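S.K.: can't give you the sequence, but here's the structure:
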């Protein structure tokens, strides 16, 4: 699960917002407009070499079982929809342990079948609203059947070499970015940030600022 003190961070932010609304001195402690390294984002000690494509890459590291990732969805989805053409966004599920690797496999199965747009939110809802996590292949196939999908095709994708390859690639990328909690956003092999560093909207505003700085070198 999220290894950061996410709830405490958000409680602090909520408290500051309340002070601000009351016109109390706490409002003076709000984060500055320009994001600060170590406060609003973290600079990678070892940058990741990326090919020059003319686009800035932004990655959302997530886990279907994470309540904070689920809570982040209504905020990040509209932001994704408005991203400019020179920003390449993708999701990478994490695998901190064996169970999370199964959850990771769910996402890459949807991706292999071209069903992420159709099934991503439904998968989150199954975990957090229906309280029916997908912890084994049988759970996945039952979920596919519930949604009228071609179950043999889902099984084939689930067991495929391409999905296994993506699991390994995702683990390497998570290691390269130093992912220690989710949700976390990686920005073009240079930075990471997270809602735990100040809030959901603030996190995305930080990404926007960093993307603007990176456009010259993308």
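M.R.: Structure received. Only a predicted model underlies this, so the values are computations on that prediction, with no experimental measurement involved.

S.K.: all helices of this protein, in order?
M.R.: Assigned by DSSP state H, the chain shows helices spanning 6-21, 67-81, 98-112, 116-128, 137-146, 151-158, 161-177, 200-214.

S.K.: just so I know, which of the ones you listed lies nearest residue 58?
M.R.: helix 200-214 (6.1 Å; CB to CB). All C-beta spots, glycine's among them, are computed from the backbone N, C-alpha and C.

S.K.: Export the helices of the chain as TSV, with columns for mean neighbour count and distance to residue 55.
M.R.: TSV is the format used below for the helices of the chain (neighbours: other CB atoms under 10 Å; distance: least, CB to CB, whole Å):
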stretch	mean neighbour count	distance to residue 55
helix 6-21	14	30
helix 67-81	16	14
helix 98-112	20	19
helix 116-128	17	19
helix 137-146	16	32
helix 151-158	16	27
helix 161-177	15	17
helix 200-214	19	10
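
S.K.: Lowest mean pLDDT across the ones you listed, which one is that?
M.R.: Lowest mean pLDDT within the helices of the chain: helix 6-21, at a mean of 37.

S.K.: What about the residue nearest to residue 86 when sequence neighbours are not counted, how many residues nearby?
M.R.: Spatial nearest neighbour of residue 86, chain neighbours left out: residue 55 (5.2 Å); criterion: CB to CB, 6 or more residues apart in numbering. If you count neighbours by other CB atoms under 10 Å, residue 55 ends up with 18.

S.K.: can you pull the pLDDT of residue 55?
M.R.: Residue 55 is assigned 96 on the pLDDT scale.

S.K.: Begin at 116 from now on, thanks
M.R.: Sure thing, new numbering starts at 116, so read that last one as residue 170.

S.K.: Cross-check the contact I'm expecting between it and residue 203.
M.R.: Yes. Counting by CB atoms under 8 Å, residue 203 is a contact partner of residue 170 at 4.4 Å.

S.K.: how near is residue 165 to residue 223?
M.R.: For residue 165, the distance to residue 223 equals 21 Å [CB to CB, to the nearest Å].

S.K.: before we move on, what about residue 189?
M.R.: Taking CB to CB, one finds residue 189 at 24 Å from residue 223.

S.K.: again with residue 272
M.R.: As judged by CB to CB, residue 272 and residue 223 stand 8 Å apart.

S.K.: Need the overlap of contacts for those two.
M.R.: residue 278 (CB atoms under 8 Å, 6 or more residues apart in numbering).

S.K.: Now do the contacts for residue 176.
M.R.: By CB under 8 Å, 6+ apart, residue 176 lies in contact with 206-209, 289, 292, 294, 297-301.

S.K.: what about 7 Å?
M.R.: Residue 176 sits next to 207, 209, 289, 294, 297-299, 301 when contact means CB atoms under 7 Å, 6 or more residues apart in numbering.

S.K.: Where strands are concerned, which of those count?
M.R.: Members of the contacts of residue 176 lying in strands (criterion: DSSP state E): 207, 299, 301.

S.K.: What does the pLDDT read for the last one?
M.R.: Confidence at residue 301, expressed as pLDDT, is 98.

S.K.: Isn't it up against residue 177?
M.R.: No. With contact defined as CB atoms under 7 Å, residue 301 does not count as touching residue 177 (11.4 Å).

S.K.: follow-up on the earlier one: among the ones in strands among the contacts of residue 176, which one is most surrounded by other residues?
M.R.: So for those (other CB under 10 Å), the most neighbours sit at residue 299, 27 neighbours.
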